[in-house]
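**Q** Here is my input; please provide its structure:
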Amino acid sequence: MKNHPLAERGEVALRELAGQRLCHPARRLAPGRHDFMMKALEATGERFEYWESPVHGLGHLDLSDKRSFALVPASVAGRGPIGTAPVAISDDLPTLDLQLVWRRDNDSAALAVLIGAARDLARRYGWC
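**A** Next up is the predicted model:
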């Protein structure tokens, strides 16, 4: 939330969020992302509370108090629910592999454009 004590800082270490509540989707909805977040928090040696959303998506996270936070990719920072504020994490975190999947029988023009853009970005940034 914008009124979170760390919201005005440009960058924080994960350990500074110790004792606060991590809000995230249930592991069954995004196991790779969930495991990545848990590993990053465990590496701090600190304790965190957890709240799992039954629905995937930033808009469904309960960030309504001054002690809750969510970990999101930098690419979506600033696109969270109204009233939230992005703060960069200073920890040296490993990368998180993402995959783009689609139905093999989908031949829509929009999908072709999306796949082309994803492949271009992957080549440009050396992701594959």
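**Q** Could you find the closest non-adjacent residue to Ala7?
**A** If the residues on either side of it in the chain are set aside, Ala7 comes closest to Ala85, at 4.1 Å by CB to CB, 6 or more residues apart in numbering. Using the backbone N, CA and C atoms, a C-beta is placed for each residue, glycine as well.
**Q** That neighbour touches Pro5, doesn't it?
**A** No: judged on CB atoms under 8 Å, Ala85 makes no contact with Pro5 at a distance of 11.2 Å.
**Q** Which residues are in contact with the spatially closest residue to Thr44 that is not a sequence neighbour?
**A** The shortest distance from Thr44 to any non-neighbouring residue, by CB to CB, 6+ apart, is to Arg15 (4.3 Å). Neighbour list for Arg15: Thr44, Gly45, Glu46 [criterion: CB atoms under 8 Å, 6 or more residues apart in numbering].
**Q** Identify, from those residues, the entry nearest to Trp102.
**A** Closest to Trp102 out of the contacts of Arg15 is Thr44 (36.6 Å), distances taken as CB to CB.
**Q** close enough to count as contact, the closest one and Ala18?
**A** Yes: using CB under 8 Å, Thr44 makes contact with Ala18 at a distance of 6.9 Å.
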